[in-house]
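Colleague: fold the following.
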Amino acid sequence: MNLKDDQPPASSSSIDNQELKSAVLFTLAYGAVFRHPITVAELCRFIPVPTPPAAVLARALEDLANQGVRRSGSYWTLDRDNESLHLRERRVSQSRLRWPTAIRAARLVGRLPFVQAVAVTGSQAANNADADSDIDLMIIAAPGRLWTARFFCKLLSRVARFDNCRVCPNYFVSSQALELPESQHNYYVAREIDQMKPATGAALVAEFRKANGWYRSFLPNAEPDGPPVTPARPSRRNQKRSAVSERVLFHIQFNLAARYVRRIYGVGSDALLAAFLPDQQISILGGYLQFIYTALTERLINAQNDQSWRDLFDKLLPANQIHAPEQEDREFRAWFQDTYVG
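Modeller: The predicted structure follows:
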């Protein structure tokens, strides 16, 4: 889909004007949480309703001017100062400079044992990275060898630096278990799926998107998925040996992660039981989503205090997915303040 900044694509879908305004506010507020003003093309891509005709969207943006929405150059934002605009331009420039490093790091990870595909995610994929931001990666591993692949990926991330950037593999799925659990079905993860950039195994990354087609209910204007692929299967001769090594490496990594959780957050390892699975290791998003949820709520109340956006908000970030111990919440707040506010 090729979009111009001043002209979103036409759509035959009609939506209520108030629903459209709430969706526009939500999308701009989400960007503002990450100090990331957006263009009209990005608004059309990330708005959680079908893109309306150009004139309808332009009128909605004009109507929202008295609720804090403003334009500066090609960007739209809820921020009242220009600092986030300057930051966006600096991060776009920095992200472009970092892409060769990110692809080189991702392809090196792709050469590790039992890694079938690697995609760049996070701030780098969104072109919103600083010079010292982590290079976040999603890994698709061979069936029955996810924890072996994760062991090598984490070992590499501990010892290697790429132009002073740290590699952070944080999502692992097996090619026989590509669909993420329902606890991950929200706007934040949908954005991660839509923005990820394949570095190796592009066809398998496309299959991952197809297996998680639920993300289109949050982003109905996302690009179409590619054709399906058939994941590789391990040989029967190696299955027994791989099962033993997988169990050993799983328990080693689970215990290390549980120790880290207890030391940093002062809580038990129950949360890991839902995140550390035989064919998936997903991120524990409680504290992360808690901060996004709180920051978004504050910005939307400031922009539209009648809370007419609440129904849409609760659909995009379900409250039952958002829970974090007080200590974990403080840790994420400090990290967000340092990373996105400065």
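Colleague: tell me where the stretch 201-342 of the chain is predicted with low confidence.
Modeller: Scanning the stretch 201-342 of the chain with the threshold set as pLDDT under 70 gives 224-242, 244, 258-275, 282-288, 304-307, 322-342.
Colleague: ok, 90 please
Modeller: 222-342 (pLDDT under 90).
Colleague: in it, which spans are strands?
Modeller: 276-277, 280-281 (DSSP state E, counting those that start in this stretch).
Colleague: tell me what the first one is packed against?
Modeller: Yep, that's strand 276-277 we're talking about. Here strand 276-277 touches helix 236-265, going by 3 or more CB pairs under 8 Å, 6 or more residues apart in numbering; DSSP states H and E. Every residue, glycine included, has its C-beta placed from N, CA and C.
Colleague: nearest to Gly73, of the strands of the stretch 201-342 of the chain?
Modeller: Ranking the strands of the stretch 201-342 of the chain by proximity to Gly73 (CB to CB) places strand 280-281 first, at 41.1 Å.
Colleague: which stretches of the chain form helices?
Modeller: 17-33, 40-46, 54-63, 83-110, 122-125, 146-159, 187-195, 202-211, 215-218, 236-265, 270-275, 286-303, 310-316, 326-336 (DSSP state H).
Colleague: let's have these in CSV, adding mean neighbour count and distance to Glu179.
Modeller: Formatted as CSV, the helices of the chain follow (neighbours: other CB atoms under 10 Å; distance: least, CB to CB, whole Å):
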stretch, mean neighbour count, distance to Glu179
helix 17-33, 22, 24
helix 40-46, 21, 22
helix 54-63, 16, 33
helix 83-110, 17, 22
helix 122-125, 24, 20
helix 146-159, 19, 14
helix 187-195, 21, 11
helix 202-211, 19, 5
helix 215-218, 18, 11
helix 236-265, 14, 20
helix 270-275, 14, 15
helix 286-303, 19, 20
helix 310-316, 16, 20
helix 326-336, 15, 27
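Colleague: Ala141 and Pro37, how far apart?
Modeller: 37 Å (CB to CB, to the nearest Å).
Colleague: same question, Leu85
Modeller: To Pro37, Leu85 is 6 Å away according to CB to CB.
Colleague: ditto for Ser245
Modeller: Between Ser245 and Pro37 the computed distance is 48 Å (CB to CB).
Colleague: coming back round to it: mind listing the shared neighbours of Leu85 and Pro37?
Modeller: Overlap between the contact sets of Leu85 and Pro37, as judged by CB atoms under 8 Å, 6 or more residues apart in numbering, is given by Ser72, Tyr75, Thr77, Asp79.
Colleague: got a quick PyMOL command for the buried subset of those?
Modeller: What follows is the PyMOL syntax selecting those of the shared contacts of Leu85 and Pro37 that are buried according to 16 or more other CB atoms under 10 Å:
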select buried, resi 75+77+79
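Colleague: and the shared contacts of Leu85 and Pro37 as a markdown table, adding pLDDT and distance to Phe254?
Modeller: Listed next are these as a markdown table, based on pLDDT from 0 to 100; distance: CB to CB, whole Å:
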| residue | pLDDT | distance to Phe254 |
| --- | --- | --- |
| Ser72 | 85 | 48 |
| Tyr75 | 91 | 44 |
| Thr77 | 90 | 42 |
| Asp79 | 82 | 41 |
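Colleague: from the shared contacts of Leu85 and Pro37, which ones fall inside strands?
Modeller: Of those, the ones assigned to strands by DSSP state E are Ser72, Tyr75, Thr77.
Colleague: any chance of the helices of the chain in CSV, plus distance to Cys168?
Modeller: Formatted as CSV, those follow (distance: least, CB to CB, whole Å):
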stretch, distance to Cys168
helix 17-33, 20
helix 40-46, 23
helix 54-63, 36
helix 83-110, 10
helix 122-125, 8
helix 146-159, 6
helix 187-195, 13
helix 202-211, 18
helix 215-218, 22
helix 236-265, 14
helix 270-275, 16
helix 286-303, 13
helix 310-316, 25
helix 326-336, 13
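Colleague: out of these, which is closest to Asn170?
Modeller: Nearest of the helices of the chain (CB to CB): helix 122-125, 8.0 Å.
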